[in-house]
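J.: predicted coordinates and the sequence they were generated for:
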Amino acid sequence: MLVEFLRHSTTAAVGAVPIYLMFVAIEAIAVRLIDPGPNNRRGKGYGLVDTIDSLALGIGSGIIHGVTQIGPLLWGLSALYVLTPLRMPASQWWSWVLLVIGFDLLYYLRHRASHRIRLLWAGHQVHHSSRHFNLAVALRRKWAPPWQLAFNIPLVLLGFSPAMIGVAATIDLTYQFFLHTETVGRLPRWFSYVFNTPSHHRVHHGSDPDYLDRNYGAILITWDRLFGTFVPETHPATYGLAHDIDSANPLVIGLSGYRDILRDLRDSHTLRERLGCVFSPPG
C-alpha cells in the first residue's frame, strides 16, 4: 500500500509539472495581450524575478517533500489502513465522491490551521509571499515536511486506501492551481456559491485587513460559508504578506518563518512565551 501510494503520487506529480509550466507560459503571454478594458485594470501579471522565485521555491518544496515523505506519517497511514476493518471500494463512483468531499473538508481545516498556528504558518507563508497573483504563484510551496498527511487519518480510518487519498490530493491540488489567476473575472453566481473561484482565492491572497484569513477552501467554498470565513471580492487585493519578506533570495523566503521563530525563542524568558512563539497565531 505504501509503495502504491508513492507510485500514484509520484507519477501524478511528475506528470503534472510540464502541464503546469505550459499553462504558466500561456498565461504569461496572455496577460501581455489581453485588453485591460475601460478601467485599465490588467493586474500585476508576471515579474521575472518573482516568477523565478516561485519556480525555485516549487522545486525546493518538491525535493523536501520527496525526501521526507517516506517517514512516520506515511508509514503510519498505511498501518492504520491495515488495522481498520472498514473498506471503501475504489470501483464505485460514490466512494470517490465521498472521498473528494471528505478530503476537501480536511484540507479546509488544515489550511485554516496553517494560518492560525505560527509554526505551520512559518512554512505556509511562502505561498503568500509573492506580491503578484498568477499561475506561477500556485507552484510557490512551503519548505517543510508533509505534516499535512496527518490530517488524512480520518479518511484512512473510514477505509479509504492511501493510494485513493493520493488521487484525491492530486485532484484537489490541480483544481487549486487554476485558481491563481487575475485573467478570470467573476464566474456565474450559482457556481461561485458552491465552488471556489479565482475571485474567491484572490481574496485569500490579499493582505488587506478585510481580506486577511478568509476563503480557505480548496474546491468547495461552502466550508467557508458554513464556518463564517467567507468574504466576497469587493476591491482589488493587495497581494503579499502583512509584513513582506524583504528579499528575492529563495533560501531567505523559504526559511525566514522558521528563522523568526528561533529568534523569538532565543529572546523568550518563560515557558508560556516560548509556547506562544511556536503555537500562537502569527503576529
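T.: Happy to help now that I have it.
J.: going by C-alpha atoms from here, please, whenever you check contacts or count neighbours.
T.: Fine.
J.: wait, isn't Gln148 in contact with His111?
T.: No - using C-alpha atoms under 8 Å as the test, Gln148 is too far from His111 to be in contact (9.1 Å).
J.: which of the two has more neighbours?
T.: The residue with more neighbours, out of Gln148 and His111, is His111; 20 against 15, by other C-alpha atoms under 10 Å.
J.: neighbours around the nearest residue to that one once chain neighbours are set aside, how many?
T.: If the residues on either side of it in the chain are set aside, His111 comes closest to Tyr216, at 6.1 Å by C-alpha to C-alpha, 6 or more residues apart in numbering. By other C-alpha under 10 Å, 27 other residues sit near Tyr216.
J.: looking at this, Tyr216 is in a strand?
T.: No - counting by DSSP: H, G, I helix; E, B strand; the rest coil, Tyr216 falls outside a strand, being coil.
J.: quick one, what contacts it?
T.: Contacts for Tyr216 (C-alpha atoms under 8 Å, 6 or more residues apart in numbering) come out as Tyr108, His111, Arg112, His204, Asp224, Thr229.
J.: that one and Arg186: what is the separation?
T.: 18 Å (C-alpha to C-alpha, to the nearest Å).
J.: in what helix or strand does Leu74 lie?
T.: Following DSSP states H and E, one finds Leu74 within helix 72-83.
J.: and that helix, how far from the chain's centre?
T.: The gap between where helix 72-83 is centred and where its chain is centred comes out at 23 Å by C-alpha atoms, centre = their mean, to the nearest Å.
J.: avg pLDDT for it?
T.: Averaging pLDDT along helix 72-83 gives 82.
J.: pull out the buried positions in that helix.
T.: Buried positions in helix 72-83, judged by neighbour count with 16 or more other C-alpha atoms under 10 Å: Leu73, Leu74, Leu77, Ser78, Leu80, Tyr81, Val82.
J.: which among the residues you listed gets closest to Trp143?
T.: Closest approach to Trp143 among the buried residues of helix 72-83 (C-alpha to C-alpha): Leu73, at 17.0 Å.
J.: now do the helices in the stretch 1-150 of the chain.
T.: 2-33, 48-68, 72-83, 93-116, 118-124 (DSSP state H, counting those that start in this stretch).
J.: packing partners of the last one?
T.: In this structure, helix 118-124 packs against helix 93-116, helix 250-267, helix 271-279, with contacts taken as 3 or more C-alpha pairs under 8 Å, 6 or more residues apart in numbering; DSSP states H and E.
J.: what sits up against the following helix or strand past that helix?
T.: From helix 118-124 onward toward the C-terminus, using DSSP H and E, the following helix or strand is helix 153-157. Residues outside helix 153-157 that contact it (C-alpha under 8 Å, 6+ apart) are Leu77, Leu80, Tyr81, Thr84, Leu86, Leu99, Gly102, Phe103, Pro162, Ile165.
J.: can you pick the most crowded of those residues?
T.: Counting neighbours by other C-alpha under 10 Å, the top entry in the contacts of helix 153-157 is Pro162, with 26 neighbours.
J.: just to check, it is in contact with Ser78?
T.: Yes - counting by C-alpha under 8 Å, Ser78 is a contact partner of Pro162 at 6.6 Å.
J.: SS state for Asp246?
T.: Assigned by three-state DSSP, the conformation of Asp246 is coil.
J.: next, count neighbours for it.
T.: So Asp246, with other C-alpha under 10 Å, has 9 neighbours.
J.: tell me how far it lies from Pro282.
T.: According to C-alpha to C-alpha, Asp246 and Pro282 sit 18 Å apart.
J.: before we move on, back to that, among the helices and strands packed on helix 118-124, which comes closest to Ile34?
T.: Of these, nearest to Ile34 by C-alpha to C-alpha is helix 250-267, at 30.2 Å.
J.: by how many degrees do that closest one and helix 48-68 diverge?
T.: Here helix 250-267 points in a direction 70 degrees away from that of helix 48-68 (axes from the mean of the first three to the mean of the last three C-alpha atoms, to 10 degrees).
J.: list the buried ones in helix 250-267?
T.: Buried residues in helix 250-267 (16+ other C-alpha under 10 Å): Pro250, Ile253, Gly254, Leu255, Ser256, Gly257, Tyr258, Ile261, Asp264, Leu265.
J.: what's the angle from it to helix 271-279?
T.: 170 degrees.
J.: who touches helix 250-267?
T.: Under C-alpha under 8 Å, 6+ apart, the answer for helix 250-267 is 53, 56-57, 119, 121-123, 125-126, 129, 142-143, 245, 247, 273-274, 277-278.
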